[in-house]
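Chemist: Next come a sequence and a model predicted from it.
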Amino acid sequence: MQFFSRFSPIRAYKDLRLFLTGRQPYELGFLALAMAITGFFVYAFMRNDIPPEPYSPNIIYFKNYAANRTDAQIKAQQALDKVDQDKRIAAQKAREEKLRSQFKQVDDAMSKWGL
């Protein structure tokens, strides 16, 4: 209770009331507006409607190849792997192009507004 010997809630309330009665009506309006905007942003950031995505580890498995493979076997396996790699690269480029087009739309809209 030593805290209340230096700080009195009653005196703080009286001081706040005195401060607010000395203000012009437009100042109180701006105070309410500033508190509402700040409260909105605090509420918006604390609101958690979007659940986090579940974590899925990216596990990469490798094949245990025999040490006595011939060069022909190695080249044949590389040809098979190249097809899969080309598909992955094409999918990645498509994703990048889609994202790039979205950013371009936003940039064009901002340029149109003069930003």
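Modeler: All right, it came through fine. The structure displayed is predicted, hence computed values, not measured ones.
Chemist: Look up how far Leu20 lies from Tyr13.
Modeler: Distance check for Tyr13 against Leu20: by C-beta to C-beta, to the nearest Å, it reads 11 Å. Where C-beta positions appear, they are placed from N, C-alpha and C, glycine not excepted.
Chemist: Angles on the backbone of Pro57, please.
Modeler: The phi and psi torsions at Pro57 (degrees, to the nearest 10) take the values phi -70, psi 150.
Chemist: Next: the one 4 residues further on.
Modeler: In terms of degrees, to the nearest 10, the main-chain angles of Tyr61 are phi -100, psi 150.
Chemist: ditto for Gly114
Modeler: Per-residue torsions, Gly114: phi 90, psi 20 (degrees, to the nearest 10).
Chemist: let's number from 835 now, not from 1
Modeler: Got it, first residue is 835 now, which makes that one Gly948.
Chemist: Number of residues surrounding it?
Modeler: By other C-beta atoms under 10 Å, the residues close to Gly948 number 5.
Chemist: State the mean pLDDT of the biggest helix by length in the chain.
Modeler: Counting by DSSP state H, the longest helix found in the chain is helix 905-947. Helix 905-947 shows a mean pLDDT of 94 in the predicted model.
Chemist: what residues go with each domain of this structure?
Modeler: The record assigns the chain these domain ranges, following automatic domain parsing: 835-882, 907-949.
Chemist: Make TSV from these and add distance to Pro891 to it.
Modeler: As requested, those are exported to TSV (distance: least, C-beta to C-beta, whole Å):
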stretch	distance to Pro891
domain 835-882	24
domain 907-949	18
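Chemist: Compare those domains and give me the one nearest Lys897.
Modeler: domain 907-949 (8.7 Å; C-beta to C-beta).
Chemist: Specify the local secondary structure of Ile894.
Modeler: Put simply, Ile894 is coil when judged by DSSP: H, G, I helix; E, B strand; the rest coil.
Chemist: How many residues are close by it?
Modeler: By other C-beta under 10 Å, the residues close to Ile894 number 5.
Chemist: swap in the one 10 residues further on?
Modeler: Burial of Thr904 is recorded as 8 neighbouring residues (other C-beta under 10 Å).
Chemist: ok, it to Gln911 distance?
Modeler: Look at Thr904 and Gln911: by C-beta to C-beta, they are 11 Å apart.
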